[in-house]
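A.B. asks: With the sequence up front, the predicted model follows.
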Amino acid sequence: MSETVLPDNPPDLDDLLSPEAIDRPFQYYRRLRETRSVYWNKRWNGWIVTGYPEVVEGFRNHTKLSSDRFSGPFGEDLSEASSQYQQLFRLLSQIFVWKDPPYHTRMRKLVNKAFTPRSVEVLRPRIQELVSSLIEPMRGQREVDFFARFAFTLPVVVIAEYLGVPAEARESVRKWSEDLGAVIFVRGNDTDRMRKGEQAMHDLAEFLKPVIAERRRDPREDLISGMLQAADGGDAFTDDEVVANAILMVFAGHETTMNLLANGMVAFDQFPDQWARLRADPTLARSAADEVLRFDGPIRAQARWAKEPLELAGQRIEAGDRVLLVQHAANRDPAGFTDPERLDIARRPNKHTAFGQGIHTCLGAPLARLEAEEAFRGLSQAFPRYTIHEQELRYAPTVVSRSLTQLHVTFHES
C-alpha cells in the first residue's frame, strides 16, 4: 500500500491520544477532516475516516470492511495476548458484534428474538421510577458526584434487572464491567488492563453460570431467560454464547449509557437554552436524547479492516489495511448536518452515526435511548438549571470511547 504524502501536514494529526484528540476531539477531528476526510495515519498504521458520507459508507460496506477483531491485522495484534489470557479472549471472540457473517447473522438473529424494542419499552415505568428515586437525594446538595449518584447507578440497575442479576451483585458487576472496559476500549493509562480483564472475565463468567443454569430450570421475564429460550430452526445459544453475550449486555448496557448521560449534562451546560427548551416541552426528550448522541456520543470511533481493496473519497484502501470510522467527526460534519456545532434538541432529520449503521447497528440502541430520554426529561423537570464544578474537563485516554474522568454538579431548584 502506498502512503499518501500531504504537504505541510501538522505532525500532531497523527497522534490519536494527544491532549487535543482526547479532550477536544471535535476540534482535532475537524482539522483532520478539513485536511483529508480519509487520511493515512502513520502512527496508527491505518486510515482515519472522518467525513459523514465516508463513515456511513464504511459502516454499510460490511462485505469489504470486516468487523472481526480476532482476524486480519487486529487478530495479529492480539495473538500474543490471547495465548496468555485465554478465557478473556475465548469469550470475547464469541461476542457477535466483533464478528462477520455468517456467525454474526446467526447470533444477531437469536439475540433479536430476546432483545426486542417491545421488551425494552416495558421497562419505561421502572426507569421513570428509578430516575425519580435518584433525583430526590440530589435536591439541596451543595455538590453532587454525578457519576456515582446518577450516571453510574441508573444504567447498572436497569441492565442488572433486565438480565436478571440479583441486586446484591450490582457493585461486583460494575467493577467487572470497568475492568473489561479497559480492555475493550484500550485505555492507554492502564498498563495492567489485560490481567485485570482476564480476572474480570473469569469472575463474571463464574457468576453468570449458575444464574444461567437456574434460568434453564425456571425461566423468568428477563433477558437471560429470553436468550435461553431463543431458537431459530433448531439453532440455539450454547452456554458459552449466553455467557459471552450476557457479558456484552452488562458492559454495553452500563459503560456506554453512563458516559452518554454525563456527556449530555456537559452538552446542555454549553447550551442552557436547550435545557430550558426541554424543561418547557418535555415531549422533546426523545429527540433530545438523539441530539446528545449526535453532539457528543459515548463512542468516538469503531475499527474495521479491509477484506479486499476499496476506495473511499478517492483513496485506495488495500486488503489488510486498518480503517477507523470516526463517528464523532462524522456527526459534526457540515456535509451531514446543518449547523453541526450547535445542540438542537428538535433536530430533524437526525441520521447520526452514534450507533453505527448497517448490519452492525447497535442492538442496545432502544434501551440507551430510553434511559437517556427519561433521565434528561426527569432532570430537566426537577431542576431549571445546574452548575458544573470542573473548570477543565478531562477524558479517559482512549481512541474509541468518550468517557469523562469525573463530573461534579450542583443542581438548582430555582
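C.D. replies: Arrived safely, thanks for sending. Just so it is clear, the structure is predicted and the values come from calculations on it, not from any experiment.
A.B. asks: And for Ser37, the neighbour number?
C.D. replies: Other residues lying near Ser37 total 24 when counted by other Cβ atoms under 10 Å. Where C-beta positions appear, they are placed from N, C-alpha and C, glycine not excepted.
A.B. asks: any idea how far it is from Ala329?
C.D. replies: Using Cβ to Cβ, to the nearest Å, we find Ser37 at a distance of 8 Å from Ala329.
A.B. asks: same check, this time on Gln86
C.D. replies: Counting by Cβ to Cβ, the gap from Gln86 to Ala329 is 36 Å.
A.B. asks: Repeat that for Gln302.
C.D. replies: 12 Å.
A.B. asks: coming back round to it: between Ser37 and Ala329, which contacts overlap?
C.D. replies: Contact criterion Cβ atoms under 8 Å, 6 or more residues apart in numbering; residues bridging Ser37 and Ala329 by contacting each: Thr50, Gly51.
A.B. asks: those strands in the stretch 1-150 of the chain, which residues are they?
C.D. replies: If you assign secondary structure with DSSP state E, counting those that start in this stretch, the strands in the stretch 1-150 of the chain sit at 38-41, 46-49, 65-66, 144-145.
A.B. asks: Relative to the second one, what are the paired strands and their orientations?
C.D. replies: The partner list of strand 46-49 in its sheet, established with DSSP bridges, is strand 38-41 (antiparallel), strand 322-326 (parallel).
A.B. asks: Which stretch among those approaches Ile212 most closely?
C.D. replies: Checking the strands paired with strand 46-49 against Ile212 by Cβ to Cβ gives strand 322-326 as the closest, at 33.9 Å.
A.B. asks: wait, doesn't Leu248 sit right on Val97?
C.D. replies: Yes - in this structure, Leu248 is within contact of Val97 by Cβ atoms under 8 Å, at 6.7 Å.
A.B. asks: The two: who's more crowded?
C.D. replies: Neighbours per residue, other Cβ under 10 Å: of Leu248 and Val97, the larger number sits with Leu248, 22 against 19.
A.B. asks: that older thread, so between Gln86 and Ala329, which is more surrounded?
C.D. replies: With other Cβ under 10 Å as the criterion, Gln86 and Ala329 differ in neighbour count, and Ala329 comes out ahead with 27 against 12.
A.B. asks: okay, and the helix or strand of the protein with the least pLDDT?
C.D. replies: When the helices and strands of the chain are scored by mean pLDDT, DSSP states H and E, helix 72-84 comes last with a mean of 73.
A.B. asks: Could I get the full set of helices for the stretch 301-414 of the chain?
C.D. replies: Secondary structure of the stretch 301-414 of the chain, counting by DSSP state H, counting those that start in this stretch: helices at 327-330, 365-382.
A.B. asks: Equivalent analysis for the stretch 151-300 of the chain, please.
C.D. replies: The residue ranges that make up the helices of the stretch 151-300 of the chain, judged by DSSP H, counting those that start in this stretch, are 153-163, 170-184, 193-217, 223-229, 239-251, 257-270, 272-280, 285-296.
A.B. asks: quick check: angle from the last one to helix 257-270?
C.D. replies: Read that as helix 285-296. Counting by axes from the mean of the first three to the mean of the last three Cα atoms, to 10 degrees, helix 285-296 points 90 degrees away from the direction of helix 257-270.
A.B. asks: which strands and helices sit next to helix 285-296?
C.D. replies: Counting contacts by 3 or more Cβ pairs under 8 Å, 6 or more residues apart in numbering; DSSP states H and E, helix 285-296 packs against helix 257-270, helix 272-280, helix 365-382.
A.B. asks: which residues sit against that helix?
C.D. replies: When contacts are taken as Cβ under 8 Å, 6+ apart, the neighbours of helix 285-296 outside the stretch itself are 260, 263-264, 266-268, 274, 278, 328, 331-332, 337, 343-348, 350, 352, 354-355, 368-369, 372-374, 376-377, 402.
A.B. asks: cool, and the longest one?
C.D. replies: By Cβ under 8 Å, 6+ apart, the list of residues contacting helix 193-217 from outside reads 81, 84-85, 87-88, 91-92, 164-165, 169, 172-173, 175-177, 179-180, 182-183, 186-187, 190, 222, 224-225, 228, 239, 242-243, 246-247, 250.
A.B. asks: Distance-wise, check Ala306 relative to Glu57.
C.D. replies: Taking Cβ to Cβ as the criterion, Ala306 is separated from Glu57 by 13 Å.
A.B. asks: Looking at these two, which has the bigger crowd around it?
C.D. replies: Using other Cβ under 10 Å as the criterion, Ala306 and Glu57 rank with Ala306 on top: 24 against 19.
A.B. asks: Tell me what the more buried one is bridged to.
C.D. replies: On the basis of DSSP bridges, Ala306 is bridged to Leu65.
A.B. asks: residue ranges with poor pLDDT in this protein?
C.D. replies: Filtered on pLDDT under 70, the chain yields the residue ranges 1-11, 77-83, 185-191.
A.B. asks: Could you give the number of residues near Ala375?
C.D. replies: The number of residues packed near Ala375 is 27, by other Cβ under 10 Å.
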